[in-house]
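Peer 1: Structure of the sequence below:
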Amino acid sequence: MRFWHNPNFLAILALVILSIPALKSLATPGFYTSHDGETHTARTAAYYQALTDKQFPPRFAGNFYNGLGSPIFTYIYPIPYLTGSAMHLLGFSFADSFKIIMVFGYILSAIFAYLWLKELTDSPKAAFLGALYYIWAPYRFLLVYVRASLSEDLAYTFLPLVLFALTKLVKRQNLRWVAICAIFIALLLLSQNLVALISIPILGSYLFILALLNKSIRYVFLGLVAAIWGMAISSITYLSSLFERDFTHYNEIFKSTYDTHFVTIKQLIRSPWDYGFDMPGTVNDQMSFQIGLAHLLILIFVLIIFTYWFFHRIGLFKKVGDYLFEKSDITLSIFSIFFLVVFAVSIFLMIDVKPNVLIWQNFKTIRLIDIPWRFLGLTILAVSFLAAYVAKTIKPAFIFILLVFAVLVANRNHLRINKIQDFDDSFFQTYTGHATQYSEFTPIWRQTIRIPIDFDPKIRAEVINGEAQIENLYANSKKIMLEVNVQSENAQIRINKFYFPGVQATLNNRKLTPFKDLIITNPKNIHLEKEQDSSGLMLVNLDKGNHQITAEFSETHLRLFADYLSLGSLIFAIGFVVKGAKK
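Peer 2: Purely as a prediction, here's the structure:
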């Protein structure tokens, strides 16, 4: 009986129940139109195929770029595609796996936000309202129904979990909670790198505020250890992203993508809900960037509370204040100011004003965030805490009820998909696009970033010069093996796969050296204006006779080090968690 009357259980149950109308549209059979849903699901199918082909960890997607392949998994976050592959292994279609992860990510984000806010405010009522505002926000519905950004949705699932762990760590300063923090930080980092990047200043500031409030230098040290540990677990992705990015066109593409994606204050306050794209400029946008009317109402209540505290300190409105407001809690007051600053800075970094544009033009680090309005996610995080602060501070129950109904009513029209698409598994398994918005992971040895138009994905290798017969060809996402019978004095064979560092190629069991024995059609030293679509591929020269060629996509020394560092760090962290649980 105590369990059923537990306020934490009831609050979490209410959050789950209120998630049902928010997610009901995902139960519609089939897939749905969106910005990124198709490519995320195609990535999941490619990741699953890579695992099937014994790529551990997956690095190369075999079908992308019209069959030429892509090193996309070398650089991007694996959690969305690993979980999607696990769902598919359980028997769900790729489309259903995508929607299931969206549903669980959304619900878990509510639970994790509740755990964080309950730990910080010690109030189930406050934590419930804050968690409700975290999930019932226009930007969260934009992620699910308009953009279908699986990775970003998961990142905002794990962000409050990291905040919860940091809050818990200040109370239990032991290695077990350091390890738990490290694992949760790694989950955030491996879910979506851009959300992780914009969250780092928030998490660091949050840690130092807790340290100051608790007067604990030890906590700062443990928090930094957890951060480094979490990055070590994530090194499987981030070491390549940091030190092997020059192998792709990434840097040249992301020099100036930000400059056409600023928004206006008007768009943040109220912009029509639609399912189109963010067009260049701020006039013809076909999607909404609104923060949410109910969320703006929270800001008004926070300003009322601050105004009251100001007058209370000079001796005014004391009797009215004692009826309306709880006594000031210094910790929550400091965090309310902190999250107001987070909200204001996030707004500033999105809007199309000259001082902000100058910041983006002159600071390279911030330009890693390709789209300024991604900071909308941080405004929702900030308002979710402020909603909890309002619920904790204001006494009258009708205000709490008003705010619950306000967020449900204000977002009632954001809860549906646009159009149904009938995509079966074969559609995603045979996807041959580039699976990114900007083709940024195209290998640098390729002259163009466009999808090749004159290659049949089924033709894995072909004779370019001479007379030869290709026999016994075997190919998957990891390896290509073929036997060639050359009838002429010499011949040249082209392997229709991109070259990428780490590939191990052999001719008759003799290792081929890239750019020497293994020829790469390199636009830096060959004029290929008429043959752009063949650049970046691998060629082998053969003399008369029978030959066996293999090309296997493998790890560089850096990637291999990252693999072992990630695995070792994760095992080490799990060991401390299990050991601490037994104690």
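Peer 1: ok, residue 136 - contacts?
Peer 2: 18, 22, 294, 407-408, 411 (CB atoms under 8 Å, 6 or more residues apart in numbering). To be clear about C-beta, it is placed using only N, CA and C from the backbone, and glycine gets the same treatment.
Peer 1: Please spell out the PyMOL selection for the buried subset of those residues.
Peer 2: To isolate the buried members of the contacts of residue 136 in PyMOL, using 16 or more other CB atoms under 10 Å:
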select buried, resi 18+22+294+407+411
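Peer 1: I'd say residue 226 and residue 186 touch.
Peer 2: No. Counting by CB atoms under 8 Å, residue 226 stays clear of residue 186, with 10.0 Å between them.
Peer 1: about what we covered before: among the contacts of residue 136, which are in helices?
Peer 2: Under the assignment DSSP state H, the contacts of residue 136 contribute 18, 22, 294, 407-408 to helices.
Peer 1: For residue 501, state which of the contacts of residue 136 is nearest.
Peer 2: Closest approach to residue 501 among these (CB to CB): residue 22, at 44.6 Å.
Peer 1: Tell me how far that closest one lies from residue 64.
Peer 2: For residue 22, the distance to residue 64 under the criterion CB to CB, to the nearest Å works out to 33 Å.
Peer 1: swap in residue 132?
Peer 2: 40 Å.
Peer 1: helices or strands up against the helix or strand harbouring residue 110?
Peer 2: If you go by DSSP states H and E, residue 110 is part of helix 94-121. Packing partners of helix 94-121 (3 or more CB pairs under 8 Å, 6 or more residues apart in numbering; DSSP states H and E): helix 7-23, helix 37-52, helix 79-89, helix 124-135, helix 150-171, helix 330-350, helix 376-393, helix 425-429.
Peer 1: could those helices go into JSON lines alongside mean pLDDT and distance to residue 573?
Peer 2: Output for these, formatted as JSON lines (pLDDT from 0 to 100; distance: least, CB to CB, whole Å):
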{"stretch": "helix 7-23", "mean pLDDT": "95", "distance to residue 573": "26"}
{"stretch": "helix 37-52", "mean pLDDT": "97", "distance to residue 573": "23"}
{"stretch": "helix 79-89", "mean pLDDT": "97", "distance to residue 573": "16"}
{"stretch": "helix 124-135", "mean pLDDT": "97", "distance to residue 573": "27"}
{"stretch": "helix 150-171", "mean pLDDT": "97", "distance to residue 573": "12"}
{"stretch": "helix 330-350", "mean pLDDT": "95", "distance to residue 573": "28"}
{"stretch": "helix 376-393", "mean pLDDT": "96", "distance to residue 573": "25"}
{"stretch": "helix 425-429", "mean pLDDT": "95", "distance to residue 573": "33"}
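Peer 1: Could you give the bridge partners of the closest residue to residue 517 other than its chain neighbours?
Peer 2: Nearest residue to residue 517, sequence neighbours excluded (CB to CB, 6 or more residues apart in numbering): residue 507, at 7.1 Å. Taking DSSP bridges as the rule, residue 507 bridges to residue 510, residue 549.
Peer 1: Residue 507 reaches residue 545, doesn't it?
Peer 2: No. With contact defined as CB under 8 Å, residue 507 does not reach residue 545; the gap is 11.5 Å.
Peer 1: Please identify which of those two sits among more neighbours.
Peer 2: Set side by side, residue 507 and residue 545 show more neighbours around residue 507, with 18 against 10, by other CB atoms under 10 Å.
Peer 1: Identify the residues contacting the more buried one.
Peer 2: Residue 507 touches 517, 540, 542, 547-549, counting by CB under 8 Å, 6+ apart.
Peer 1: Helix or strand for residue 491, just tell me which one.
Peer 2: Going by DSSP H and E, residue 491 is part of strand 479-498.
Peer 1: Show me what that strand is packed against.
Peer 2: Using 3+ CB pairs under 8 Å, 6+ apart: strand 479-498 touches strand 461-465, strand 468-475, strand 537-553.
Peer 1: nearest to residue 214, of the ones you listed?
Peer 2: Here strand 537-553 is closest among those (CB to CB), at 49.3 Å.
Peer 1: Show me the residue at the heart of this structure, geometrically.
Peer 2: Geometric centre of the chain, nearest residue: residue 192, 1.9 Å, by CA atoms, centre = their mean.
Peer 1: Now that it has come up, it's in contact with residue 158, right?
Peer 2: No. Counting by CB under 8 Å, residue 192 does not reach residue 158; the two are 9.2 Å apart.
Peer 1: which residues does residue 18 contact?
Peer 2: Residue 18 neighbours (CB under 8 Å, 6+ apart): 132, 136, 408.
Peer 1: ok, back up a step: how close does the residue nearest to residue 517 sit to residue 539?
Peer 2: 12 Å.
Peer 1: By mean pLDDT, point me to the weakest helix or strand of the protein.
Peer 2: Least confident helix or strand, the chain: helix 318-324 with a mean of 63, by mean pLDDT, DSSP states H and E.
Peer 1: What ranges in the stretch 451-583 of the chain fall below the confidence cut-off?
Peer 2: Counting by pLDDT under 70, the stretch 451-583 of the chain has low-confidence residues at 522-530, 582-583.
Peer 1: run the last query once more with 90
Peer 2: Along the stretch 451-583 of the chain, segments meeting pLDDT under 90 span 451-459, 464-465, 471-473, 515-517, 519-535, 579-583.
Peer 1: Show me the protein divided up by domain.
Peer 2: 7-429, 461-556 (automatic domain parsing).
Peer 1: Columns distance to residue 565 on top of these, output as CSV?
Peer 2: CSV is the format used below for the domains of the chain (distance: least, CB to CB, whole Å):
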stretch, distance to residue 565
domain 7-429, 5
domain 461-556, 12
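Peer 1: From the ones in helices among the contacts of residue 136, pick the one nearest residue 424.
Peer 2: residue 22 (27.0 Å).
Peer 1: Next, the contact list for the residue lying closest to the closest one once chain neighbours are set aside, please.
Peer 2: Excluding the flanking residues, the one nearest residue 22 by CB to CB, 6+ apart is residue 415, at 5.7 Å. Contacts of residue 415 were listed using CB under 8 Å, 6+ apart, and they are 21-22, 24-25, 141, 145.
Peer 1: where's residue 415 relative to residue 16, distance?
Peer 2: Following CB to CB, the distance that separates residue 415 from residue 16 is 16 Å.
Peer 1: got it, and residue 26?
Peer 2: Applying CB to CB to residue 26 and residue 16 gives a distance of 15 Å.
Peer 1: With residue 288 instead?
Peer 2: Taking CB to CB, one finds residue 288 at 26 Å from residue 16.
Peer 1: Give me the more crowded residue out of these two.
Peer 2: For the pair residue 288 and residue 16, the greater number of neighbours falls to residue 288 (21 against 12), based on other CB under 10 Å.
Peer 1: so the more buried one touches residue 269, yeah?
Peer 2: No. Look at residue 288 against residue 269 with CB under 8 Å: they stay out of range, at 11.0 Å.
Peer 1: Make a markdown table from the ones in helices among the contacts of residue 136 and add distance to residue 274 to it.
Peer 2: Output for the ones in helices among the contacts of residue 136, formatted as a markdown table (distance: CB to CB, whole Å):
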| residue | distance to residue 274 |
| --- | --- |
| 18 | 25 |
| 22 | 19 |
| 294 | 20 |
| 407 | 21 |
| 408 | 21 |
